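Participant: Provide a 3D model corresponding to the input given below.
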Amino acid sequence: CVITGAVPPWLVEITRRICNWTGLFPSPINHVLIKEYLSNQGIMPHQDGPAYFPIVAILSLGSPAVMNFTPPLKLTECVTHVPDQIDKHCTLSVALMPCSLLIFKDSAYSEYLHGIDDSDIQRSDEVVNIGDILSYKEQMMPLSSELEEGNQRTEKGSIHRSGTRVSLTCRLVPKVYKNLFKF
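Facilitator: So this is what the prediction gives:
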């Protein structure tokens with residue numbers, strides 16, 4: 001559903017704070033995608049493309065998730081012949097914790113696909129911000145009988161998405177066309 005018209009004041013305030021706090025956007029954010037994901041829904045790996053200014057700010061609310069950044073297949077095939085280049089184009093994962101803000105730009109924006117697996121249990125043992133997950137688990141999920149015996153390894157190396165996740169993906173569209181579609 002695309003909503004045109006005045007942006008709600010609460011959303012204007014959020015985007016204004018992101019712009020001011022980061023200092024990365026050359027003008028106010030003018031595009032926000034608000035999406036709700038069920039616990040087993042993800043996002044297919046993709047790139048946002050040239051219509052947007054090459055910076056994305058994602059505010060995550062609700063259940064945590066793991067976003068994976070992977071090089072496109074053509075880049076992976078290209079670097080297999082040059083072993084010292086592989087580390088420059090490896091897969092990277094980031095935990096999107098409740099009330100967190102992920103900002104990516106530069107090569108993360110232009111050279112990598114980003115996505116979230118369609119699963120309510122996601123691997124978290126290799127995320128770059130593992131400390132955030134451990135803090136979250138200490139605050140939200142105290143040790144219980146679930147962590148005993150066989151479940152312990154799975155629980156420690158994964159995030160269980162038990163609820164919905166809402167994301168606000170904030171971007172800048174440099175060139176906006178008004179009344180592009182008339183019906």
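Participant: the nearest residue to Ala51 once chain neighbours are set aside in helix, strand or coil?
Facilitator: Nearest residue to Ala51 in three dimensions, chain neighbours excluded: Val173, at 6.3 Å (C-beta to C-beta, 6 or more residues apart in numbering). In this view, the C-beta of every residue, glycine as well, is placed from N, C-alpha and C. The three-state label given to Val173 by DSSP: H, G, I helix; E, B strand; the rest coil is coil.
Participant: which residues in the chain form helices?
Facilitator: 9-22, 73-79, 106-110, 130-140, 151-156 (DSSP state H).
Participant: who are the packing partners of the third one?
Facilitator: Under the contact criterion of 3 or more C-beta pairs under 8 Å, 6 or more residues apart in numbering; DSSP states H and E, the helices and strands touching helix 106-110 comprise an empty set.
Participant: excluding its own residues, what touches that helix? List them.
Facilitator: Outside helix 106-110, the residues that touch it by C-beta atoms under 8 Å, 6 or more residues apart in numbering are 47-48, 54-56, 69, 92, 114.
Participant: center of this protein, which residue is that?
Facilitator: Met67 (5.2 Å; C-alpha atoms, centre = their mean).
Participant: quick check: bridge partners of it?
Facilitator: The partner list for Met67 in beta bridges (DSSP bridges) reads Val94, Ile116.
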